[in-house]
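J.: quick one: sequence plus predicted model below, questions after.
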Amino acid sequence: MGLVEDDSILHPEIDEDHLLYITRLNEGHEVYTRFFDALLIKRNLHRSFFRDLKAFREQPQPISLLDRADQDKKNYKEVTKVYLDSRFAHPWCRRTPLKKAFWRAEWGNIEGKQRDLEIVREEERLHRLLVPIWIVMRSKMFPAEDVLKEWCIEERARIKQNAENKLTMAALQQHDEQIKRDVQVKTSDVGNKADSDCGLDEEQRRAAHAATSVLRLAAAGLIMSQTPKRKLRWLTKKPN
């Protein structure tokens, strides 16, 4: 599905329909506003932060961990570790000893065991703030079996309808192009007939003009009889 960050990670043991359901989830970022605020994410960046979180939760490893989180709560902490190690966490959440990290921790002059301890503490603080997000996401990613089954039925129907609509539009376009070619041929024949009348006298020109009008009406009538009305608005234009 093109969502795997590391090809060496085995895919979680859930079926393709469930994976598709997870990637199609479209809840708004407003659901997580208070959690994002707790992480000190600016309001105008919530949408971008949530976009990266959604991309993260579609990876095989977090899916697999969250799938089993109801059996082992430690999996939530593993999700946090995977997240902090991934590209999706940056620049939002950092546990590395930067001069100005996410919590503005002053680690620039800390070395050795003290430095490692500070990193662990920062990770613990981040986990406490991230775990509510994982819990809410899990509830949406792994719905009741009947909810997932109903969604799969509706999604298959939607995909089928979209495919039929594309075929119908292609057929209509081809039909329109054929009609335009037919009309061009008819009007071209009528125009050539009118041009040949230049050498006639006044009475003959009147007769030729009347015949030309009849031919134009006949050509338009032939096309209109074979075409839906909604397709023929452009035929009502008067010739110059």
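T.: Structure received. Numbers count the residues shown, from 1 in each chain.
J.: what's the neighbour count on the residue lying closest to residue 38 once chain neighbours are set aside?
T.: Nearest residue to residue 38, sequence neighbours excluded (C-beta to C-beta, 6 or more residues apart in numbering): residue 129, at 5.2 Å. Glycine gets a C-beta too; all of them are placed from N, C-alpha and C. Number of residues near residue 129 (other C-beta atoms under 10 Å) recorded here: 15.
J.: residues in contact with residue 129?
T.: Residue 129 is in contact with 35, 38-39, counting by C-beta atoms under 8 Å, 6 or more residues apart in numbering.
J.: and if you look at residue 29?
T.: Going by C-beta under 8 Å, 6+ apart, residue 29 touches 36, 46-47, 49-50.
J.: which residue packs closest to it, ignoring adjacent ones?
T.: residue 50 (3.7 Å).
J.: quick check: the gap between that neighbour and residue 26.
T.: Distance, residue 50 to residue 26, using C-beta to C-beta, to the nearest Å: 11 Å.
J.: the two: which has the busier surroundings?
T.: Applying other C-beta under 10 Å to residue 50 and residue 26 shows that residue 50 carries more neighbours, namely 20 against 6.
J.: what ranges in the protein fall below the confidence cut-off?
T.: Low-confidence segments of the chain, defined by pLDDT under 70: 1-12, 94-112, 115, 171, 175-176, 178-240.
J.: what does residue 152 show for phi and psi?
T.: Backbone torsions of residue 152, given as degrees, to the nearest 10, read phi -60, psi -40.
J.: which SS state does the closest residue to it other than its chain neighbours fall under?
T.: Excluding the flanking residues, the one nearest residue 152 by C-beta to C-beta, 6+ apart is residue 17, at 4.8 Å. Judged by DSSP: H, G, I helix; E, B strand; the rest coil, the three-state class of residue 17 is helix.
J.: run a quick neighbour tally on residue 17.
T.: Neighbours of residue 17 under the rule other C-beta under 10 Å: 14.
J.: again with residue 91
T.: Counted with other C-beta under 10 Å, residues neighbouring residue 91 total 7.
J.: and the gap between it and residue 54?
T.: Residue 91 is 17 Å from residue 54, where distance means C-beta to C-beta.
J.: and the gap between the residue nearest to residue 29 and residue 163?
T.: Applying C-beta to C-beta, the value for residue 50 to residue 163 is 31 Å.
J.: so the residue nearest to residue 152 makes contact with residue 150?
T.: No: using C-beta atoms under 8 Å, residue 17 and residue 150 do not qualify as a contacting pair, with a distance of 11.6 Å.
J.: tell me which element residue 72 is part of?
T.: Here residue 72 sits in a region with no helix or strand, counting by DSSP states H and E.
J.: roughly how far does it sit from residue 29?
T.: The spacing between residue 72 and residue 29, counted by C-beta to C-beta, is 28 Å.
J.: what do you get for residue 49?
T.: Separation of residue 49 from residue 29 (C-beta to C-beta): 8 Å.
J.: got the buried residues for the helix or strand hosting residue 134?
T.: Using DSSP H and E, residue 134 sits within helix 112-141. For helix 112-141, the neighbour count (16 or more other C-beta atoms under 10 Å) marks 118-119, 122-123, 126-127, 130-131, 133-134, 137-138, 141 as buried.
J.: now, which of these sits nearest residue 85?
T.: Residue 85 lies nearest to residue 123 out of the buried residues of helix 112-141, by C-beta to C-beta, at 10.5 Å.
J.: wait, isn't that closest one in contact with residue 84?
T.: Yes: contact criterion C-beta under 8 Å: residue 123 and residue 84 qualify, at 6.6 Å.
J.: from residue 34, how far out is residue 76?
T.: Counting by C-beta to C-beta, the gap from residue 76 to residue 34 is 18 Å.
J.: that should have said residue 53, apologies.
T.: 15 Å.
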